[in-house]
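Asks: sequence and predicted structure, then a few things I'm wondering about:
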Amino acid sequence: MSQILFEIPKVEIMGSGHLACPGCGATMAMRYALKALGRKTVVVIPACCWSIIDGAAPYSVLGVPVFHTAFETAASTATGIKAGFVAQGKTDINVLAWAGDGGTFDIGFQSLSGAAERNEDIIYVCYDNEAYMNTGIQRSSATPQGAWTTTTPVQNPKSRPKKNIVDALAAHHIPYIATASVSYPDDFIRKLRKAKSMKGMRFLHILSPCPPGWKSQAEDSVKIARLAVECCVFPLYEVHDGRRYNLTHKPKGLPVKEYLKLQGRFRHLSDADIEKIQTEVDHNWRTLQRRVEFSTEIDTRSDVSDQGATK
Amino acid sequence: MKRVLEAQLDKYFNPQTTAEIKVIEGTHAASHAAKLARVKTISAYPITPQTSIVELLSEMCASGDLEAQFIKVESEHSAMACLIGAEATGARSFTATSSQGLLLMHEVLHWAAAARLPIVMVNVNRALAPPWNIWTDQTDSLAQRDTGWIQFYAESNQEVLDTILMAYRLGEQVMLPVMINMDAFFLSHTAEPVAIPKQNLVDEFLPAYRPEFTLDVNDPRAFGGLTKPDRYMEFRYNIQKAMETAARLIPTVAEEYDYLIGRHHGTQVEEYRTEDAEYLLVTSGTITGTTRIVVDQFRDQGVPLGLLKIRTFRPFPDQAIRNAVAHVKKIGVIDRNISFGSGGIFFNEIKAAIYNAKVHPLLNGYVAGLGGRDVTPSVITDIAEHLIKSKQGKDLIWIGVKK
């Protein structure tokens, strides 16, 4: 990690008066994202918590144009907006698709995959609160193994592991993918700025604590998101061209229990369950490390990001 | 008769307004119309028999004949979502689909209309599965009845081209999307002479798209946000008002098109030999052309049979229908579609339209030609004879069902 003093931009493009719950990670994420991207940005919001957070018509908390769209269309609508601007010679506008995990991992996955395969010139951010929170905490394919939701009650918690969305996007060979956390705003803003400087499909996966859905304390959100990183549950890294991996923060490697114990959604887990989750986290972390190591050997001459940059 | 036909042809293919006469299929007539409209964004997904529309547009874009962004999406749902985004930036856009593809779009068709985005789409009327069938049937587009899209039904390839140009003009004036329907194969893959109007005349008829509100980083607004019961209903009221305005504007747009380019295909309806008609057949799409021949034959024999062609399904031409039926004794509606549990869809709309009319002629509903089964002059002759003999109106009469 760089020790150079990093300054968070003072500009506040997102105003006050949003409708999010206290301690909402998705709200912090939007605030930072707009600080990084600036006012020449159009935000596309499919059905998700942010369709409410922005405020009821005629109010909007965002200081940039917002286009609300159907649940599964964040990527396709954003694609069209970009194309519409380009067709009119407006080539310098960031089009930001801003979707939850349901709209990204599940119902919007097809249109996201299509946009990624075509290398559309958009920035897609998934703020991942790991369930359908806006409809009242139902499981999604982003819900972690063992978690309680209203459709995975404690007698039968989620049995399957969380879908690895970064791997899925990496398989599309897009120029830039990054994970980011609201607990590391410097890293977050650097990644959004980097994404802004690039062309083609850029995807950011943000873990977004949700106090009502995670059964956690609002004041713990930043702490929980930090523990997710330090326990290697949600490492901070980048993937260039779908194959060159690099870590942007070296996690402390704390026991995963530290992360789980602050969240009521994991309260029912036995020590054996937690051990199983630890094993899974360890495996994923080692896989990521190997990818990072292997990345130095990759010949970059056929990088797709070059194609993105010259588009 | 021959001289009349020649005079009509001269008007139809007016050399003053025509750049070129091409012998082309309906699909290519649609592609040429999109080019003439100077669309800026196209997004489409392939489905038979729509494909040749977008294939030709792809070639036009690749050769630089058409300067448009063409997004080759992974589904019809994304095609429409894409255009919703593009149109919201102020870019004129176009797509085409058919059958299952149109059904997949259903959710976003509502979105396009309620977001007041005047996208223009060609739908090739094709039957729905199962069983698989790629031939013509109108149930696909009629199932989109309540989406807020203006719907036209075309009889000829020339009408497809002309109606697309009029659709942009109309849609952009009332801020509603427009769907132009053509019958699978009978139009989509049948070559006819089509007059391509001169670009400068089209430009005069159809100025650049300049909507009042767009996505603009210098004037940020939120579009489509949560709207509570105290405000939502007015949005719906405004869509209905826009439909009513469209109904009033369609004759004007048709007149302006006729004035500049020299062709008129009717307003919301077209009446054919309805003077003193006692019996009236009501049709839409390509069945109309065949029915004209049958009407001529009956007229030659002194039977007062007329034809009413429905051009717009939404807005529905209630008043035009009430006017057209004011003096007839018997009406037969021919539907190439079916609403299960009810009957022919045009029939039901017409029945509803004349309920509040002063006169109530006998009304028969005929369902024929589903899934592309031929509706020949002899089939229509049978229908006309049945109608003339009818003593009591009947809601649903199946034509040619094999026992």
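Replies: On my side now, so go ahead.
Asks: packing partners for the biggest helix by length in chain A?
Replies: Longest helix in chain A by number of residues, with DSSP state H as the criterion: helix A:271-295. Using 3 or more C-beta pairs under 8 Å, 6 or more residues apart in numbering or on different chains; DSSP states H and E, the elements in contact with helix A:271-295 are strand A:244-247, helix A:256-260. Where C-beta positions appear, they are placed from N, C-alpha and C, glycine not excepted.
Asks: could you measure from the spatially closest residue to B:G372 that is not a sequence neighbour over to B:S156?
Replies: In space, and not counting its chain neighbours, B:G372 is closest to B:W135: 2.1 Å by C-beta to C-beta, 6 or more residues apart in numbering or on different chains. Distance of B:W135 to B:S156, given as C-beta to C-beta, to the nearest Å: 18 Å.
Asks: who has more neighbours out of these two?
Replies: B:S156 (22 against 18; other C-beta atoms under 10 Å in any protein chain shown).
Asks: C-alpha coordinates for stretch A:49-62, PDB please?
Replies: The C-alpha coordinates for stretch A:49-62 follow below in PDB (Å, rounded to 0.1, in the frame of the first residue of the first chain):
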ATOM      1  CA  CYS A  49     -32.500  -0.200  -3.100                       C
ATOM      2  CA  TRP A  50     -31.200   2.800  -5.000                       C
ATOM      3  CA  SER A  51     -34.500   3.200  -6.900                       C
ATOM      4  CA  ILE A  52     -35.900   4.200  -3.500                       C
ATOM      5  CA  ILE A  53     -32.800   5.800  -1.900                       C
ATOM      6  CA  ASP A  54     -32.700   8.500  -4.700                       C
ATOM      7  CA  GLY A  55     -36.000   9.900  -3.400                       C
ATOM      8  CA  ALA A  56     -39.500  10.000  -4.600                       C
ATOM      9  CA  ALA A  57     -40.400  12.000  -7.700                       C
ATOM     10  CA  PRO A  58     -40.000  14.900  -8.200                       C
ATOM     11  CA  TYR A  59     -37.000  14.800  -5.900                       C
ATOM     12  CA  SER A  60     -33.600  13.300  -6.600                       C
ATOM     13  CA  VAL A  61     -30.600  13.200  -4.300                       C
ATOM     14  CA  LEU A  62     -28.100  12.900  -7.100                       C
END
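Asks: any part of that stretch near chain B?
Replies: Yes: for stretch A:49-62, a contact with chain B is found by C-beta under 8 Å from any C-beta of the partner chain, at A:S51, A:I52, A:D54, A:G55, A:A56, A:A57, A:P58, A:Y59, A:S60, A:L62.
Asks: and the second one, what pLDDT?
Replies: Predicted confidence (pLDDT) at A:I52: the value is 97.
Asks: same question, the fourth one
Replies: Predicted confidence (pLDDT) at A:G55: the value is 94.
Asks: which SS class is it?
Replies: Classification of A:G55 using DSSP: H, G, I helix; E, B strand; the rest coil returns coil.
Asks: that one against A:G15, yeah?
Replies: No: A:G55 is beyond contact range of A:G15, at 9.2 Å (criterion: C-beta atoms under 8 Å).
Asks: and these two? Which one has more around it.
Replies: Neighbours were counted for A:G55 and for A:G15 using other C-beta under 10 Å; A:G55 has more, 18 against 13.
Asks: the closest residue to that one other than its chain neighbours: what's it in contact with?
Replies: Nearest residue to A:G55, sequence neighbours excluded (C-beta to C-beta, 6+ apart): A:V61, at 5.1 Å. By C-beta atoms under 8 Å, 6 or more residues apart in numbering or on different chains, the contact set of A:V61 is A:M14, A:G15, A:S16, A:G17, A:H18, A:L19, A:I53, A:D54, A:G55.
Asks: take the helices and strands packed on helix A:271-295 and lay them out in JSON lines including mean neighbour count.
Replies: Formatted as JSON lines, those follow (neighbours: other C-beta atoms under 10 Å in any protein chain shown):
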{"stretch": "strand A:244-247", "mean neighbour count": "18"}
{"stretch": "helix A:256-260", "mean neighbour count": "20"}
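Asks: out of these, flag the one nearest chain B.
Replies: Within the helices and strands packed on helix A:271-295, the stretch nearest chain B is strand A:244-247; the backing value is 26.2 Å (C-beta to the nearest C-beta).
Asks: check contacts around residue 247.
Replies: Here I'm looking at chain A. Here A:L247 is in contact with A:P235, A:L236, A:Y237, A:L288, A:V292 (C-beta under 8 Å, 6+ apart).
Asks: wrong chain, I was asking about chain B
Replies: B:Q268, B:T312, B:P315, B:P317, B:Q319.
Asks: burial count for the closest residue to the first one other than its chain neighbours?
Replies: Read it as B:Q268. Nearest residue to B:Q268, sequence neighbours excluded (C-beta to C-beta, 6+ apart): B:P317, at 3.6 Å. Number of residues near B:P317 (other C-beta under 10 Å) recorded here: 24.
Asks: again with the one 10 residues further on
Replies: Using other C-beta under 10 Å, B:H327 is surrounded by 15 other residues.
Asks: can you tell me the helix or strand for it?
Replies: In the assignment (DSSP states H and E), B:H327 maps to no helix and no strand.
Asks: list the contacts of it.
Replies: Applying C-beta under 8 Å, 6+ apart, we find B:H327 in contact with B:D276, B:A277, B:V359.
Asks: any idea of the pLDDT on the second one?
Replies: Pointing back at B:A277 there. 98.
Asks: tell me the contacts of it?
Replies: B:P304, B:L305, B:G306, B:H327, B:V328.
Asks: if you set the cut-off to 6 Å instead, what comes out?
Replies: B:P304, B:G306, B:V328 (C-beta atoms under 6 Å, 6 or more residues apart in numbering or on different chains).
Asks: same deal with A:G213?
Replies: A:G213 neighbours (C-beta under 6 Å, 6+ apart): A:N129, A:A131, A:M133, A:I137.
Asks: where's it, which helix or strand?
Replies: Using DSSP H and E, A:G213 maps to helix A:211-214.
Asks: list the buried ones in that helix?
Replies: A:P211, A:G213, A:W214 (16 or more other C-beta atoms under 10 Å in any protein chain shown).
Asks: repeat for stretch B:125-139
Replies: B:N125, B:R126, B:A127, B:L128, B:N133, B:I134, B:W135, B:T136, B:D137, B:Q138, B:T139.
Asks: distance to A:C24, pLDDT and secondary structure added to those residues, as JSON lines?
Replies: Shown next, in JSON lines, are these (distance: C-beta to C-beta, whole Å; pLDDT from 0 to 100; DSSP: H, G, I helix; E, B strand; the rest coil):
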{"residue": "B:N125", "distance to A:C24": "48", "pLDDT": "98", "secondary structure": "strand"}
{"residue": "B:R126", "distance to A:C24": "47", "pLDDT": "98", "secondary structure": "coil"}
{"residue": "B:A127", "distance to A:C24": "49", "pLDDT": "98", "secondary structure": "coil"}
{"residue": "B:L128", "distance to A:C24": "44", "pLDDT": "98", "secondary structure": "coil"}
{"residue": "B:N133", "distance to A:C24": "51", "pLDDT": "98", "secondary structure": "coil"}
{"residue": "B:I134", "distance to A:C24": "50", "pLDDT": "98", "secondary structure": "coil"}
{"residue": "B:W135", "distance to A:C24": "53", "pLDDT": "98", "secondary structure": "coil"}
{"residue": "B:T136", "distance to A:C24": "52", "pLDDT": "98", "secondary structure": "coil"}
{"residue": "B:D137", "distance to A:C24": "50", "pLDDT": "98", "secondary structure": "coil"}
{"residue": "B:Q138", "distance to A:C24": "48", "pLDDT": "98", "secondary structure": "coil"}
{"residue": "B:T139", "distance to A:C24": "46", "pLDDT": "98", "secondary structure": "helix"}
